[in-house]
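A.B. asks: 3D model of this:
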Amino acid sequence: MRIVHVANFYSPRSGGIRTAMHAMAGQYLARGHEPVLVVPGPRDGVSHVDGVRVVSLAAPRVPFSGGYRAVVEPGKMRGLLETLSPDRLEVSDRTTLAGLGDWAREAGVPSLMMLHERVDGVLRSWVPGFASAVTPGLADWYNRLTLTRFDRLVATTQFAAGEVERLAARSRGAGLPPLSRVPLGVDLERFRPDRWSAEVRAEYAPPGTELIVLASRQSTEKRPDLAIDAVAQLLRDGRPVRLVVAGSGPLLTRMRRRAQAAGLPHRFLSFVRDRDQLADLLACADAVVAPGPIETFGLAALEALASGTPVVCSATSALPEVVGAAGAAAAPDPAALAVALHEVLDREEDARRKEARARAELFPWSATGEAMLALHTRRPEHR
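C.D. replies: Residues are numbered from 1 along each chain as shown. Below you'll find the predicted structure:
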């Protein structure tokens with residue numbers, strides 16, 4: 001099968017969606033299929049990454065996004081899809097590409113939408129003035145308008161599936177296509193506990209200091225401020241800590257100033273392009289904090305677990321489903337997250353590292369690939 005996966009908000013510095021797209025494409029390729037990725041870029045072009053064809057469509061930058069681009073010419077995308085002649089279409093975008101389900105239906109191509117975010121969560125994050133009573137209704141309206149265009153929906157967690165299940169319950173299905181849960185995976189070979197080394201650790205934190213890592217895009221919906229304030233609270237509580245931040249984004253400068261103002265020992269690495277360098281950092285950390293309150297999966301957190309590092313996350317997100325007992329969940333509040341960090345750091349080190357790795361081993365990319373291909377080989381139930 002030729003499986004074409006299209007997305008917006010993909011760039012050389014993007015994280016989760018980019019990682020997931022390439023990992024799934026690698027799984028398809030290894031099983032004898034032909035994956036093609038279609039993404040926005042500064043100009044039209046074609047490249048190959050690890051044997052996978054990546055087609056770029058010229059697209060403008062999205063204001064205030066930190067450099068992300070989005071395709072704004074749906075006709076151009078449809079023309080490209082007609083040229084590519086996919087056997088299956090996957091869409092990882094709920095904005096300008098949501099109409100591609102109509103193209104797929106007209107072309108007789110089975111399609112699915114990957115639910116990488118919740119509309120109600122995005123609304124609460126970016127437009128906080130919306131009343132809580134209004135947000136679900138607006139999200140339901142948008143989801144009814146867009147999701148019904150596809151043959152299948154795929155959510156990576158129960159949290160990600162939640163707003164679709166709410167819509168289905170409120171409107172007796174609302175013509176929604178079948179919803180499946182397929183967890184994402186982690187590169188268990190690259191992210192390993194045995195990457196820990198005294199030399200690398202000394203590069204990030206002096207002896208006698210606990211190393212806390214935030215591996216996240218520095219943007220509003222990720223709430224990096226919660227991580228900085230929580231780790232600063234540990235310092236005030238008398239715990240010698242150092243915060244290392246891996247990730248870039250529109251809030252980077254503001255967050256660096258926030259850490260400085262709190263008197264928090266810190267280091268901001270910006271975007272870490274070298275995945276091995278990131279794996280070394282995660283393996284050498286004592287804990288990773290993932291404060292995003294609307295995360296629908298959390299690949300960086302799973303990479304931390306695979307590295308043997310426990311994760312403290314927001315209880316309002318999907319991360320408790322991923323982290324399980326290999327860390328702790330707390331309210332998206334600095335004081336609550338600080339308490340959770342204390343609790344995790346007080347655990348016996350060898351035990352917490354083994355538990356983190358064992359949890360990550362439940363999420364191999366091979367399982368994701370098998371589950372996705374099983375969906376692609378089923379007869380569409382929604383036309």
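A.B. asks: quick one: the strands in this structure?
C.D. replies: 2-7, 34-41, 45-49, 52-58, 88-92, 111-115, 152-155, 179-181, 210-215, 241-246, 266-270, 287-290, 311-314, 327-330 (DSSP state E).
A.B. asks: want to try a markdown table for those strands, with mean pLDDT and mean neighbour count as columns?
C.D. replies: No exception for glycine: its C-beta is placed from N, CA and C like everyone else's. Formatted as a markdown table, the strands of the chain follow (pLDDT from 0 to 100; neighbours: other CB atoms under 10 Å):
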| stretch | mean pLDDT | mean neighbour count |
| --- | --- | --- |
| strand 2-7 | 97 | 23 |
| strand 34-41 | 96 | 22 |
| strand 45-49 | 96 | 10 |
| strand 52-58 | 96 | 18 |
| strand 88-92 | 97 | 26 |
| strand 111-115 | 96 | 26 |
| strand 152-155 | 97 | 22 |
| strand 179-181 | 96 | 16 |
| strand 210-215 | 98 | 24 |
| strand 241-246 | 98 | 22 |
| strand 266-270 | 95 | 17 |
| strand 287-290 | 98 | 29 |
| strand 311-314 | 98 | 28 |
| strand 327-330 | 98 | 24 |
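A.B. asks: Now render the ones you listed as a markdown table, adding distance to Leu123.
C.D. replies: Putting those into a markdown table (distance: least, CB to CB, whole Å) gives the following:
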| stretch | distance to Leu123 |
| --- | --- |
| strand 2-7 | 21 |
| strand 34-41 | 23 |
| strand 45-49 | 34 |
| strand 52-58 | 27 |
| strand 88-92 | 19 |
| strand 111-115 | 15 |
| strand 152-155 | 18 |
| strand 179-181 | 21 |
| strand 210-215 | 25 |
| strand 241-246 | 27 |
| strand 266-270 | 29 |
| strand 287-290 | 21 |
| strand 311-314 | 17 |
| strand 327-330 | 23 |
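A.B. asks: For Thr253, find the nearest of those strands.
C.D. replies: Nearest to Thr253 among the strands of the chain is strand 266-270 (9.3 Å), distances taken as CB to CB.
A.B. asks: contact partners of the helix or strand of the chain with the lowest mean pLDDT?
C.D. replies: Lowest mean confidence among the helices and strands of the chain (mean pLDDT, DSSP states H and E): helix 119-126, at a mean of 78. Contacts of helix 119-126 with the rest of the structure, by CB atoms under 8 Å, 6 or more residues apart in numbering, involve 94, 130, 132, 135-136, 138-139, 142-143, 163, 220-221, 293-294, 296.
A.B. asks: Pick out whichever of those residues sits closest to Ser85.
C.D. replies: The closest of the contacts of helix 119-126 to Ser85 turns out to be Arg94 (CB to CB; 24.7 Å).
A.B. asks: quick revisit: now, the most widely separated pair of the contacts of helix 119-126?
C.D. replies: The most widely separated members of these are Asn143 and Thr220, with 21.7 Å between them, by CB to CB.
A.B. asks: The closest residue to Pro136 other than its chain neighbours: neighbouring residues, count only.
C.D. replies: When the adjacent residues along the chain are set aside, Pro136 lies closest to Asp120, with 5.6 Å between them (CB to CB, 6 or more residues apart in numbering). Around Asp120 there are 22 other residues, counting by other CB atoms under 10 Å.
A.B. asks: rewinding a little: just the buried residues of the contacts of helix 119-126.
C.D. replies: Arg94, Thr135, Pro136, Ala139, Tyr142, Asn143, Glu163, Thr220, Pro293, Ile294, Thr296 (16 or more other CB atoms under 10 Å).
A.B. asks: Lowest pLDDT pick from those residues?
C.D. replies: When the buried ones among the contacts of helix 119-126 are compared by pLDDT, Thr135 scores lowest at 78.
A.B. asks: what about that residue, distance to Leu167?
C.D. replies: 13 Å (CB to CB, to the nearest Å).
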